[in-house]
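**Student:** no FASTA, just this:
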């Protein structure tokens, strides 16, 4: 089995209008989806949600605010899953709750680095 990074992207404006009940239902759907992956021993890391604020460190050691508000999509979080192939990992990602809210999942294979 290989490891794959799932990067969750959503409209940068988010959904500030969601009620407490709606946020709870969204969280439950994420817990169920990730729980199903974990039950099949394919979840390496449930990852974390990411705050919208951050910093960008550039090659000249300059540090700027980021990600930039001009972006149409923002990275909302990530997970690491195990799958036999990129195709299988993409199939797992098809059940992600973010897809039902207009977001998307970037699926990338992780390649270890020799130290």
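**Tutor:** Received the coordinates, thanks. Just so we're clear, the structure is a prediction, and the values are computed from it rather than from any experiment. Numbering: from 1, shown residues only.
**Student:** elements contacting the helix or strand bottoming out on mean pLDDT in the chain?
**Tutor:** Taking mean pLDDT, DSSP states H and E as the measure, the chain has strand 63-66 as its least confident helix or strand, at a mean of 82. Here strand 63-66 touches strand 54-57, going by 3 or more Cβ pairs under 8 Å, 6 or more residues apart in numbering; DSSP states H and E. Placement of C-beta: from N, CA and C, glycine included.
**Student:** quick one: mean pLDDT for the strand it packs on?
**Tutor:** For strand 54-57, the mean pLDDT works out to 86.
**Student:** tell me which helix or strand comes right after the helix ranked longest in the chain.
**Tutor:** Ranked by residue count and defined by DSSP state H, the top helix of the chain is helix 20-39. Per DSSP states H and E, the first helix or strand lying C-terminal to helix 20-39 is strand 43-49.
**Student:** can you give me the buried ones in the longest helix of the chain?
**Tutor:** Going by neighbour count (16 or more other Cβ atoms under 10 Å), the buried part of helix 20-39 is 26, 29-30, 33-34, 37.
**Student:** confidence-wise, which of those comes last?
**Tutor:** Out of those, that is residue 26, at 88.
**Student:** and the nearest residue to that one once chain neighbours are set aside, how many neighbours does it have?
**Tutor:** If the residues on either side of it in the chain are set aside, residue 26 comes closest to residue 97, at 6.6 Å by Cβ to Cβ, 6 or more residues apart in numbering. By other Cβ atoms under 10 Å, 18 other residues sit near residue 97.
**Student:** now residue 97: how far from residue 86?
**Tutor:** In this structure, residue 97 and residue 86 are 21 Å apart, going by Cβ to Cβ, to the nearest Å.
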